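Visitor: sequence and predicted structure are below.
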Amino acid sequence: MTLTDDTMDFKGTVEAIVFASGEPMERIRLQEAVGCTPERLDAVLNEIKNEYDDRGSAVQLLLLGPTVQFATRPQYAEAIRNVLDLKRNQPLSPAAFEVLAIIAYNQPVTRAFVEQIRGVDCGGVINTLCQRGLVEECGRLDLPGRPLIYCTTAAFLRCFCMSTLAELPEVSDTQTAAQVLESLQPKDSAEISGQMSIL
(Lines give C-alpha, C1' and ligand atoms only; values in the text may rest on other atoms or scores of the structure.)
Protein backbone atom coordinates (compact mmCIF):
# COMPACT_ATOMS: atom_id res chain seq x y z
CA MET A 1 0.00 0.00 0.00
CA THR A 2 1.42 3.41 -0.95
CA LEU A 3 0.85 6.69 0.81
CA THR A 4 -0.93 9.51 -0.99
CA ASP A 5 -1.98 13.09 -0.31
CA ASP A 6 -5.39 11.70 0.68
CA THR A 7 -3.97 9.98 3.75
CA MET A 8 -1.18 12.33 4.88
CA ASP A 9 0.93 15.33 3.90
CA PHE A 10 3.16 14.27 1.00
CA LYS A 11 6.16 16.48 1.75
CA GLY A 12 5.98 15.65 5.45
CA THR A 13 5.91 11.93 4.62
CA VAL A 14 9.02 12.20 2.45
CA GLU A 15 10.81 14.23 5.13
CA ALA A 16 9.87 11.78 7.89
CA ILE A 17 11.02 8.71 5.95
CA VAL A 18 14.40 10.21 5.07
CA PHE A 19 14.88 11.43 8.65
CA ALA A 20 13.97 8.09 10.19
CA SER A 21 16.24 6.07 7.90
CA GLY A 22 19.41 7.62 9.34
CA GLU A 23 21.37 6.20 6.41
CA PRO A 24 21.37 7.24 2.75
CA MET A 25 17.90 6.45 1.36
CA GLU A 26 17.62 5.31 -2.24
CA ARG A 27 15.40 7.62 -4.27
CA ILE A 28 13.77 4.69 -6.07
CA ARG A 29 12.81 3.12 -2.74
CA LEU A 30 11.46 6.42 -1.48
CA GLN A 31 9.52 6.93 -4.69
CA GLU A 32 7.91 3.49 -4.35
CA ALA A 33 7.06 4.13 -0.68
CA VAL A 34 5.18 7.35 -1.34
CA GLY A 35 3.80 6.40 -4.77
CA CYS A 36 4.90 9.28 -6.96
CA THR A 37 6.80 10.04 -10.14
CA PRO A 38 10.59 10.68 -10.10
CA GLU A 39 9.91 14.28 -11.14
CA ARG A 40 7.55 14.93 -8.24
CA LEU A 41 9.97 13.35 -5.76
CA ASP A 42 12.86 15.45 -7.08
CA ALA A 43 10.75 18.60 -6.75
CA VAL A 44 9.75 17.92 -3.15
CA LEU A 45 13.29 16.91 -2.15
CA ASN A 46 14.63 20.17 -3.57
CA GLU A 47 11.89 22.06 -1.74
CA ILE A 48 12.81 20.40 1.57
CA LYS A 49 16.52 21.03 0.98
CA ASN A 50 15.91 24.71 0.22
CA GLU A 51 13.74 25.16 3.31
CA TYR A 52 16.52 23.84 5.58
CA ASP A 53 19.14 25.94 3.77
CA ASP A 54 17.06 29.13 3.79
CA ARG A 55 16.47 29.05 7.52
CA GLY A 56 20.14 28.32 8.26
CA SER A 57 19.34 25.04 10.00
CA ALA A 58 22.15 23.04 11.59
CA VAL A 59 20.66 20.09 9.70
CA GLN A 60 20.79 19.78 5.92
CA LEU A 61 19.31 17.47 3.33
CA LEU A 62 22.04 15.97 1.18
CA LEU A 63 21.13 15.00 -2.38
CA LEU A 64 23.68 12.27 -3.12
CA GLY A 65 22.96 11.15 -6.66
CA PRO A 66 20.64 8.14 -6.38
CA THR A 67 20.32 8.57 -2.59
CA VAL A 68 19.34 11.28 -0.09
CA GLN A 69 20.20 11.74 3.59
CA PHE A 70 19.78 14.17 6.45
CA ALA A 71 23.04 15.21 8.11
CA THR A 72 24.39 17.89 10.38
CA ARG A 73 26.47 20.62 8.77
CA PRO A 74 30.27 20.22 8.93
CA GLN A 75 30.81 23.19 11.26
CA TYR A 76 28.97 21.37 14.07
CA ALA A 77 30.96 18.13 13.82
CA GLU A 78 33.41 19.00 16.61
CA ALA A 79 30.68 19.95 19.10
CA ILE A 80 28.70 16.79 18.32
CA ARG A 81 31.83 14.68 18.62
CA ASN A 82 32.62 16.15 22.05
CA VAL A 83 29.11 15.61 23.41
CA LEU A 84 28.77 12.08 22.05
CA ASP A 85 32.39 11.20 22.87
CA LEU A 86 33.04 10.04 19.33
CA LYS A 87 36.55 9.12 18.28
CA ARG A 88 38.18 11.31 15.68
CA ASN A 89 38.81 9.51 12.41
CA GLN A 90 42.38 9.46 11.19
CA PRO A 91 42.85 11.68 8.15
CA LEU A 92 43.57 9.96 4.88
CA SER A 93 47.21 9.47 3.99
CA PRO A 94 48.63 11.00 0.79
CA ALA A 95 48.66 7.50 -0.74
CA ALA A 96 44.98 7.02 0.13
CA PHE A 97 44.09 10.37 -1.47
CA GLU A 98 45.96 9.35 -4.61
CA VAL A 99 44.14 6.03 -4.86
CA LEU A 100 40.77 7.62 -4.06
CA ALA A 101 41.34 10.27 -6.73
CA ILE A 102 42.29 7.66 -9.33
CA ILE A 103 39.12 5.69 -8.59
CA ALA A 104 36.90 8.80 -8.45
CA TYR A 105 38.09 10.20 -11.78
CA ASN A 106 38.29 6.90 -13.69
CA GLN A 107 35.64 4.63 -12.15
CA PRO A 108 34.83 1.86 -12.42
CA VAL A 109 38.42 0.60 -12.22
CA THR A 110 40.32 -2.51 -11.23
CA ARG A 111 43.07 -2.71 -8.64
CA ALA A 112 45.48 -3.46 -11.49
CA PHE A 113 44.52 -0.17 -13.17
CA VAL A 114 45.22 1.79 -9.99
CA GLU A 115 48.53 0.00 -9.47
CA GLN A 116 49.56 0.62 -13.07
CA ILE A 117 49.14 4.37 -12.53
CA ARG A 118 50.82 4.48 -9.11
CA GLY A 119 53.49 1.88 -9.80
CA VAL A 120 53.11 0.20 -6.39
CA ASP A 121 50.85 -2.34 -4.71
CA CYS A 122 47.57 -0.69 -3.66
CA GLY A 123 45.64 -3.60 -2.15
CA GLY A 124 45.96 -2.35 1.43
CA VAL A 125 44.98 1.20 0.55
CA ILE A 126 41.92 0.06 -1.42
CA ASN A 127 40.87 -2.15 1.51
CA THR A 128 41.17 0.84 3.86
CA LEU A 129 39.03 3.00 1.55
CA CYS A 130 36.44 0.20 1.41
CA GLN A 131 36.42 -0.08 5.23
CA ARG A 132 35.83 3.67 5.50
CA GLY A 133 32.91 3.37 3.09
CA LEU A 134 34.40 5.71 0.49
CA VAL A 135 34.93 2.99 -2.12
CA GLU A 136 33.08 -0.25 -2.80
CA GLU A 137 33.22 -3.28 -5.05
CA CYS A 138 30.79 -2.77 -7.92
CA GLY A 139 31.20 -5.91 -10.01
CA ARG A 140 33.76 -7.91 -11.93
CA LEU A 141 35.28 -7.57 -15.38
CA ASP A 142 34.48 -10.28 -17.89
CA LEU A 143 38.17 -11.16 -18.28
CA PRO A 144 40.33 -14.10 -17.15
CA GLY A 145 40.35 -14.16 -13.37
CA ARG A 146 37.26 -11.91 -13.33
CA PRO A 147 38.98 -9.05 -11.47
CA LEU A 148 36.94 -6.91 -9.09
CA ILE A 149 36.09 -3.37 -10.12
CA TYR A 150 35.74 -0.47 -7.70
CA CYS A 151 33.76 2.77 -7.60
CA THR A 152 33.05 5.51 -5.09
CA THR A 153 30.03 5.49 -2.76
CA ALA A 154 27.32 7.85 -1.56
CA ALA A 155 29.49 8.39 1.53
CA PHE A 156 32.23 9.68 -0.78
CA LEU A 157 29.82 12.26 -2.22
CA ARG A 158 28.68 13.27 1.26
CA CYS A 159 32.21 13.65 2.62
CA PHE A 160 33.28 15.84 -0.28
CA CYS A 161 30.04 17.87 -0.30
CA MET A 162 28.91 16.81 -3.77
CA SER A 163 25.53 15.67 -5.08
CA THR A 164 26.86 13.80 -8.12
CA LEU A 165 30.20 12.81 -9.61
CA ALA A 166 29.57 15.39 -12.33
CA GLU A 167 30.56 17.98 -9.70
CA LEU A 168 34.14 16.68 -9.53
CA PRO A 169 36.34 19.62 -10.53
CA GLU A 170 38.49 19.39 -13.63
CA VAL A 171 42.15 18.66 -12.99
CA SER A 172 44.46 21.39 -14.28
CA ASP A 173 47.96 20.92 -15.65
CA THR A 174 49.44 22.24 -12.41
CA GLN A 175 47.47 19.99 -10.01
CA THR A 176 47.10 16.28 -9.49
CA ALA A 177 43.67 14.69 -9.07
CA ALA A 178 44.57 13.95 -5.44
CA GLN A 179 45.32 17.64 -4.78
CA VAL A 180 42.01 18.68 -6.33
CA LEU A 181 40.12 16.11 -4.26
CA GLU A 182 41.86 17.09 -1.04
CA SER A 183 40.94 20.74 -1.62
CA LEU A 184 37.24 19.81 -1.55
CA GLN A 185 37.28 18.86 2.14
CA PRO A 186 35.55 21.16 4.64
CA LYS A 187 38.04 23.88 5.59
CA ASP A 188 37.44 23.49 9.33
CA SER A 189 38.29 19.82 9.53
CA ALA A 190 41.31 17.70 8.67
CA GLU A 191 39.12 14.63 8.63
CA ILE A 192 37.57 12.89 5.71
CA SER A 193 34.14 12.89 7.34
CA GLY A 194 33.09 16.26 8.70
CA GLN A 195 29.38 15.49 8.46
CA MET A 196 27.39 13.15 10.64
CA SER A 197 24.01 11.55 10.35
CA ILE A 198 21.49 12.98 12.79
CA LEU A 199 20.60 9.52 14.09
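Guide: Structure's in. What do you need?
Visitor: buried ones in stretch 140-150?
Guide: With burial defined by 16 or more other Cβ atoms under 10 Å, the residues of stretch 140-150 counted as buried are P147, L148, I149, Y150. Backbone N, C-alpha and C define where each C-beta goes, glycine included.
Visitor: equivalent analysis for stretch 71-86, please.
Guide: Buried-residue list, stretch 71-86, by 16+ other Cβ under 10 Å: A71, T72, R73, P74, A77.
Visitor: out of the residues you listed, who's nearest P169?
Guide: For those, the closest approach to P169 (Cβ to Cβ) belongs to P74, at 18.4 Å.
Visitor: gap between the closest residue to A33 other than its chain neighbours and E26?
Guide: Using Cβ to Cβ, 6 or more residues apart in numbering and skipping residues adjacent in sequence, the residue nearest A33 is I17, 6.1 Å away. As defined by Cβ to Cβ, to the nearest Å, I17 lies at a distance of 11 Å from E26.
Visitor: quick one: contacts for L168?
Guide: Taking Cβ atoms under 8 Å, 6 or more residues apart in numbering as the criterion, L168 is in contact with A104, Y105, M162, V180, L181.
Visitor: go again using 10 Å as the cut-off
Guide: Contact analysis of L168 by Cβ atoms under 10 Å, 6 or more residues apart in numbering lists A101, A104, Y105, T152, L157, F160, M162, A177, V180, L181, L184.
Visitor: can you tell me which helices and strands the strand or helix carrying A71 packs against?
Guide: Element membership for A71 (DSSP states H and E) is strand 67-72. Applying 3 or more Cβ pairs under 10 Å, 6 or more residues apart in numbering; DSSP states H and E, one finds that strand 67-72 makes contact with helix 10-21, strand 25-26, helix 27-34, helix 38-54, strand 59-64, helix 77-84, helix 154-159.
Visitor: closest to Q31 out of the contacts of L168?
Guide: The closest of these to Q31 turns out to be L157 (Cβ to Cβ; 19.3 Å).
Visitor: setting the sequence-adjacent residues aside, check what's closest to the closest one.
Guide: Closest to L157 by Cβ to Cβ, 6+ apart is L64, at 4.5 Å.
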